[in-house]
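Novice: Could you look at this predicted model? Sequence included:
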Amino acid sequence: MSGFAQNTFNGLVSGAFYALLALGLAVIFGMLRVVNFAHGAFYMLGAFGAYVLLSEAGVPFWAALVIMPVGLGLLGMALERAVIHRLTKLDPLYNFLLTFGLTLILQDLVKLRYGVQSSPYETPSLLSGSVDFGLFDFPTYRVFILGFAVLLCVAVWWVLTRTRIGMVVRAATERPDLTRAFGIDVGRWVTPVFGFGIGLAGLAGVLAAPMRAVNPLMGADLIIVVFAVVVIGGLGSIFGSVAAGFGIGLVQAWGEAYLSNFPLVSQTIVFVVMAGVLLWRPAGLFGREEAPA
Amino acid sequence: MTNTVDTPTDASRSTPPSGLIAVARAPGWVRYALLAVGLAVAAWLPNGLYPAVAVDILCWALFAVAVDLLLGFTGLMSFGHAAFWGTSAYVTGLVAIHAGLPFPLAVLAGALAAAVLAVPIGYLAVKRTGIYFAMVTLAFAQMVYYVANEWRSVTQGENGLQGVPRELFGVDLTDDYFFYYAILPIVLLGLAAAWRIVHSPFGRVLVGIRDNPARARALGYPVHRYKLTAFVLSGFIAGLGGGLFAVGHRFVSLDVLHWTTSGKAVIVVVLGGIGTLWGGVLGAALVVRLEDWLSFSGFEAIGLVTGGIFVLVVVLFRRGIWGSVAALAHRLAARRR
């Protein structure tokens, strides 16, 4: 029983990373119709930035948790203004290719400067140790990540459903032309929303630094899994992306624990689930039906 | 028709999807002249370049044409074609090592394996279109990568398959120069097959599906089945390239299945010109040559350059080389009329 709780907890923690990345992808996709391949690279930059700030300038984790998302968010906004927005009127495939190219560039820039070996990042002292939940105890840091991620998702959900900005973003996501016809300047929100999505990826990166190996390639493999996650959840649906993120984290952790004789299972299970979803509900679990093609 | 998930905005509906360029119709004598020039260059290539680089160019040309068959002529961007290129490379290598067959047969076995793998992946992927198709193919290719990585008893994991023989009825093909001429007929056959597919009634239906899937459906064409057939054919041609690549390098590493390989294949096509078929061959030649030059001059961050090419091509040069030249020729011809 305690083993099950342990696995479930670990699944939710890794699911939190999927959820944060999928959330950013979904918000950006909704507003710009851009599938941002570089999302994984920004996650990596978040983790690497935290590492560099600590080791070269002595900036603590808590400061990095603010500096990196804001800094990367601004970088993302600059990027959106500079190149991405030139291509948003074209087929989304072009921006996918563009951000793929950016991923290669960002990865190699970091590799060139810091090499490919993983760097350790110490858990902040406030969050070291573990929390006792009676029957089991969990590392404090992981409890913090889970709580923080859930809080963030709820906050984003609140902003999207309960504020005027959220209303505009949702309306623009679903019916951009109609929203414009109501006299709302949709274009004004595009850049901030892109920056926000990138900021979320950077934040996930900083959170990952103390518990995952910090290296230039950490984002690339992750982002492909996140793509599968958003296909499962339905990229058009923000709730679906987050739910699928946590769900896949859970399924992976259980697969790893109870099918440990087959190491392949935990790595490939997300793709098997994706195959099943494509068979059963091609638009994703929470996505809208596509027109027949 | 209801508002779709996959179609970006209503504005982009009225323009042709993906901004794809139709094949420019040049007069007959121009096309024969181009064909003659192309064949002459192919025959001369290993005299002007390192033969090993020339071999790589041939393999990548097949890969690019396979990707363009989907991207340019069916309107599907596969971002997971490394799965077919790489699977064929491994199967070819294993068959050549263990069965000792002549290499063309081993390559054929590899390409068939790639085509077989393309059936389930294609069946699932064609349920989505546009950007989702790219994400789904990318994800399945990553799955194939993980399987190859874990299945060490067969693939040797990170060590790779070593010592793939270049067996051909006892003919000595250790010199890349002669090996180039040994594979040239196979590559030309593959390219001719792609050309034949595009210019067949089947290919015209594919273009019709690309431009207006709803109309193709209304006319009674089973759209999914057409797309799947194109996907499998494309997987086979990519497999031909991958198998030859394995024999050419006498070595297969996990790189052949990596997502960067899939991405490189797409950018080679975009650089050459989407929907131009031969543009991909040009793109392959340029990118392979450039990467060889970079690694020869000791430049480590090749991704920086390929990534830079990606960004520049997509932002400034979406028509690609062949597309730009064709558009120019078209304009000149129109002015003369």
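Specialist: Here it is on my side, so go on.

Novice: any idea where the helices of the stretch 151-293 of chain A begin and end?
Specialist: All helices of the stretch 151-293 of chain A, identified by DSSP state H, counting those that start in this stretch, fall at A:164-174, A:176-181, A:187-208, A:218-233, A:238-258, A:263-280.

Novice: I should have written the stretch 151-300 of chain B there, sorry.
Specialist: B:152-155, B:176-198, B:201-211, B:213-218, B:223-249, B:259-272, B:278-296.

Novice: Please apply the same query to the stretch 1-150 of chain A.
Specialist: A:2-32, A:39-57, A:61-79, A:85-87, A:92-114, A:140-162.

Novice: rank those helices by mean pLDDT and give me the bottom one.
Specialist: For these, mean pLDDT drops lowest on helix A:85-87, to a mean of 84.

Novice: list the buried ones in that helix?
Specialist: For helix A:85-87, a neighbour-count test (16 or more other C-beta atoms under 10 Å in any protein chain shown) marks A:85-87 as buried. From N, CA and C alone the C-beta is placed, and that goes for glycine too.

Novice: re earlier: among the helices of the stretch 151-293 of chain A, show me which one is buried the most.
Specialist: Ranked by mean neighbour count, the helices of the stretch 151-293 of chain A are led by helix A:218-233 with a mean of 26 (mean count of other C-beta atoms under 10 Å in any protein chain shown).

Novice: thinking again about what came up before, between the helices of the stretch 151-300 of chain B, which one is closest to chain A.
Specialist: Comparison of the helices of the stretch 151-300 of chain B against chain A by C-beta to the nearest C-beta identifies helix B:213-218 as nearest, at 4.2 Å.

Novice: hmm, the closest one touching chain A?
Specialist: Yes. Using C-beta under 8 Å from any C-beta of the partner chain, we find that helix B:213-218 touches chain A at B:213-214, B:217.

Novice: Which strands or helices does that helix pack on?
Specialist: Using 3 or more C-beta pairs under 8 Å, 6 or more residues apart in numbering or on different chains; DSSP states H and E as the contact test, the elements touching helix B:213-218 are helix B:201-211, helix B:223-249.

Novice: one step back: mind putting the residues of helix B:213-218 next to chain A into JSON lines with neighbour count and pLDDT?
Specialist: Putting those into JSON lines (neighbours: other C-beta atoms under 10 Å in any protein chain shown; pLDDT from 0 to 100) gives the following:
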{"residue": "B:P213", "neighbour count": "21", "pLDDT": "86"}
{"residue": "B:A214", "neighbour count": "13", "pLDDT": "87"}
{"residue": "B:R217", "neighbour count": "15", "pLDDT": "87"}
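
Novice: Which of these sits closest to B:S253?
Specialist: B:P213 (38.5 Å; C-beta to C-beta).

Novice: Thought B:D56 was touching B:D176, still the case?
Specialist: No. Between B:D176 and B:D56 there is no contact under C-beta atoms under 8 Å: 9.8 Å.

Novice: Quick one: residues contacting the residue of chain B with the smallest separation from chain A.
Specialist: Residue nearest to chain A within chain B: B:F310 (2.6 Å; C-beta to the nearest C-beta). Counting by C-beta atoms under 8 Å, 6 or more residues apart in numbering or on different chains, B:F310 touches A:97-98, A:100-102, A:104, B:263, B:267.

Novice: are any of those buried, and which?
Specialist: For those, buried by 16+ other C-beta under 10 Å: A:97-98, A:100-102, A:104, B:263, B:267.

Novice: Enumerate every residue touching the residue of the stretch 1-150 of chain A found nearest chain B.
Specialist: Using C-beta to the nearest C-beta, the closest approach of the stretch 1-150 of chain A to chain B is made by A:G101 at 2.6 Å. The contact partners of A:G101, by C-beta under 8 Å, 6+ apart, come to B:267, B:306-311, B:314.

Novice: ditto for A:L97
Specialist: B:266-267, B:270, B:310, B:314.

Novice: Make CSV from those residues and add distance to A:V225 to it.
Specialist: Conversion of those to CSV gives the following (distance: C-beta to C-beta, whole Å):
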residue, distance to A:V225
B:V266, 20
B:I267, 23
B:V270, 26
B:F310, 22
B:V314, 25
